[in-house]
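> How does the following fold in three dimensions:
(one chain, ligands or ions: 2)
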Amino acid sequence: MNAIQGTHSGEGSVPSHHDHYGAYQTEIYKKGMYEGINPAVTTNPNKLEEQAKEAMNRRGYNYVGGGAGEGATMDANRLAFRTWKMVPRMLRDTTKRSLKTTILGKEYPTPCLIAPIGVQQIFHEDKEVGVASVANELGLPYILSSASSSTIEEVAEANGDGHRWFQLYWPHDEAITESMLKRAKKAGYEVLVVTLDTWSLSWRPMDLDGAYVPFMKGIGDAIGFSDPVFRKQFKEKHGQEVEENIHDASLEWQGKVFPGAAHTWDEVRHLKDNWDGPIVLKGIQHVEDAKMAVEVGVQGIVCSNHGGRQLDGAIGSLEMLPEIVEAVGDKIDVLFDSGIRTGVDVIKALCLGAKGVLIGRPWVYGLGAAGKEGAREVLRGILADVDQSMGLAGIASIKECDESMLRRTFYPGDRFSNK
Ligand SMILES: Cc1cc2nc3c(=O)[nH]c(=O)nc-3n(C[C@H](O)[C@H](O)[C@H](O)COP(=O)(O)O)c2cc1C
Ligand SMILES: O=C(O)C(=O)c1ccccc1
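Ligands and ions are numbered 1, 2, ... in the order given. Coordinates of the predicted model:
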């Protein structure tokens with residue numbers, strides 16, 4: 001073994017048995033030194049967004065890069081990570097590292113999941129089906145958004161024997177909700193993720209200035225347009241098939257998934273009655289809501305502020321993680337997202353008590369810059385960074401991540417923006 005090889009010998013291809021994540025680093029050097037091929041997408045987390053911006057069309061970039069309001073919450077998400085610093089341990093045997101972890105009672109090869117991200121066709125034609133195949137290759141659960149440009153069944157096929165979860169934008173229409181859940185279950189989605197923070201879209205200046213919202217033109221509506229109950233309702237109302245009137249179909253589907261009114265805690269019962277499997281509530285930030293989640297009997301929550309895309313001025317998501325973890329104890333699993341950009345960010349969230357983390361914008365930038373290969377490179381980079389950084393911090397396995405590995409410091413010069 002030598003210094004750049006890390007733990008593993010790293011023979012070239014994508015790991016098929018999911019435990020050679022660190023080998024990607026050696027693979028990059030070998031490809032460059034012996035074949036003259038550099039990575040297609042930058043490995044620098046602070047340059048990734050800029051590279052994607054150059055490669056993507058303006059509207060697609062604005063959609064992913066933008067946030068709510070003045071971007072205060074997006075900044076707060078990054079600042080929160082910067083204020084926690086790792087305190088590494090030495091002379092510990094970390095030669096055999098493992099990223100394996102248990103989430104909702106099931107073992108996964110890593111603590112990372114693919115965050116639900118809608119309308120991927122505006123980023124690249126490889127879209128959801130492409131990323132779902134990459135998820136399988138890398139051993140990451142793929143969380144399919146309700147607002148996708150591929151259907152529930154297409155993504156299941158592309159994901160094959162991989163792990164897949166279904167994210168629900170929760171309609172105020174029980175028949176359609178039941179139909180979506182039934183389709184997801186039939187197509188092998190294991191966990192239901194219910195997003196609570198986006199029953200209506202926030203004030204998003206980058207999209208508003210370009211007067212652009214994709215699903216008004218049928219983009220990102222594939223799950224609705226292929227839904228038998230939605231199609232039947234539409235035909236009864238308009239006397240037309242969805243394909244004959246994309247304009248009205250888009251508006252009507254938008255009214256289902258972004259109904260402009262929140263649900264209430266009582267209504268979680270309907271989901272429990274219609275979903276045979278774990279339910280995770282996404283978008284929890286308040287400690288009392290975390291306790292409510294335990295009370296209504298779901299199995300998990302995602303501590304998330306939607307990547308600063310919903311309530312601007314809301315607190316950085318990582319700020320709330322320790323309190324939420326403490327409040328729910330080991331009664332339910334707490335997952336985390338909003339602001340993860342590096343392998344060390346993943347480790348920090350785990351040290352603060354998250355059982356798993358959802359990766360969002362970074363792989364979307366990879367997808368935009370170089371299609372599914374780009375998404376794969378970004379994700380492999382983050383996983384390799386998790387593996388290497390665990391070793392350097394003296395952590396051999398995920399269960400060793402705890403708050404003793406962190407110290408909170410804040411200096412006025414701390415840089416928190418990626419720009
Ligand atoms: C372009 C884009 C689309 C998204 N679409 C969805 C979605 O359909 N459903 C959902 O629950 N969350 C959605 N999210 C939120 C992500 O799941 C995740 O919470 C967020 O990206 C985390 O923030 P980060 O990417 O800055 O780390 C979306 C985020 C982005 C950037
Ligand atoms: O943009 C988002 O954050 C989001 O959740 C969404 C909304 C509509 C369609 C696709 C994704």
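> Gly210 and Asn62 touch, don't they?
Yes - taking contacts as C-beta atoms under 8 Å, Gly210 lies within contact range of Asn62: 5.7 Å. Where C-beta positions appear, they are placed from N, C-alpha and C, glycine not excepted.
> of those two, who's got more company?
Asn62 (20 against 13; other C-beta atoms under 10 Å).
> so which helix or strand takes in the more buried one?
helix 58-65 (DSSP states H and E).
> Using CSV, list the CA coordinates for that helix.
Provided in CSV are the C-alpha atoms of helix 58-65 (Å, rounded to 0.1, in the frame of the first residue of the first chain):
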residue,chain,number,x,y,z
ARG,A,58,-29.6,29.0,-18.3
ARG,A,59,-33.1,28.0,-17.0
GLY,A,60,-31.9,24.6,-15.9
TYR,A,61,-29.0,26.1,-14.0
ASN,A,62,-31.2,28.8,-12.4
TYR,A,63,-33.6,26.1,-11.3
VAL,A,64,-31.1,24.0,-9.4
GLY,A,65,-28.7,26.8,-8.3
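> Name the surrounding residues that touch it.
49, 52-53, 117, 119, 122-123, 206-207, 210, 212, 214, 361, 364-365, 368 (C-beta atoms under 8 Å, 6 or more residues apart in numbering).
> Tell me how many other residues surround Met216.
Counted with other C-beta under 10 Å, the neighbours of Met216 add up to 14.
> Same question for His286.
13.
> What of the one 5 residues further on?
The burial metric for Lys291, expressed as a neighbour count using other C-beta under 10 Å, is 14.
> tell me the contacts of it?
Counting by C-beta under 8 Å, 6+ apart, Lys291 has contacts 327-328.
> got the residues of the stretch 1-150 of the chain near ligand 2?
Contact residues, the stretch 1-150 of the chain versus ligand 2 (C-beta under 6 Å from any ligand atom): 118-119, 147.
> Same list (the residues you listed) but as CSV, adding secondary structure.
Shown next, in CSV, are these (DSSP: H, G, I helix; E, B strand; the rest coil):
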residue, secondary structure
Gly118, coil
Val119, coil
Ala147, coil
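> Which single one of those residues is nearest to ligand 2?
Ranked by distance to ligand 2 (C-beta to the nearest ligand atom), these are led by Gly118 at 2.4 Å.
> pLDDT at the nearest residue to that closest one once chain neighbours are set aside, what is it?
Counting by C-beta to C-beta, 6 or more residues apart in numbering, Ala147 is the residue found nearest to Gly118 once chain neighbours are left out, at 3.3 Å. Listed pLDDT for Ala147 reads 97.
> List the residues that contact Ala147.
118-119, 169, 215, 220-221, 223, 257.
> Val193 should be in a helix, yeah?
No - counting by three-state DSSP, Val193 falls outside a helix, being strand.
> so where do the strands sit in this protein?
Ranges of strands in the chain, per DSSP state E, are 84-86, 101-103, 106-108, 112-114, 142-144, 164-168, 192-195, 279-284, 300-303, 333-336, 356-359, 406-408.
> Dump the ones you listed into a markdown table; add mean pLDDT and mean neighbour count as well.
A markdown table is the format used below for these (pLDDT from 0 to 100; neighbours: other C-beta atoms under 10 Å):
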| stretch | mean pLDDT | mean neighbour count |
| --- | --- | --- |
| strand 84-86 | 97 | 18 |
| strand 101-103 | 98 | 18 |
| strand 106-108 | 97 | 14 |
| strand 112-114 | 99 | 26 |
| strand 142-144 | 99 | 27 |
| strand 164-168 | 98 | 24 |
| strand 192-195 | 98 | 24 |
| strand 279-284 | 99 | 25 |
| strand 300-303 | 99 | 28 |
| strand 333-336 | 99 | 25 |
| strand 356-359 | 99 | 25 |
| strand 406-408 | 97 | 13 |
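> In this protein, which residue sits furthest out from the middle?
Gly239 (38.4 Å; C-alpha atoms, centre = their mean).
> At the contact with ligand 2, which residues of the stretch 251-400 of the chain appear?
306, 309.
> Now the helix ranked longest in the chain: average pLDDT?
For the chain, the longest helix by residue count, based on DSSP state H, is helix 361-393. Helix 361-393 shows a mean pLDDT of 98.
> can you pull the buried residues of it?
361-391, 393 (16 or more other C-beta atoms under 10 Å).
> give me every residue that touches the residue nearest in space to the middle of the chain.
For the chain, the residue nearest the mean C-alpha position is Ala115 (1.4 Å; C-alpha atoms, centre = their mean). For Ala115, the contact set (C-beta under 8 Å, 6+ apart) comprises 143, 337, 358-360.
> Pick the one among these closest to ligand 2.
For the contacts of Ala115, the nearest to ligand 2 is Gly360 (9.1 Å; C-beta to the nearest ligand atom).
> what's the closest one sitting at in phi/psi?
phi -120, psi -100 (degrees, to the nearest 10).
> Look at it and say how many residues are nearby.
22.
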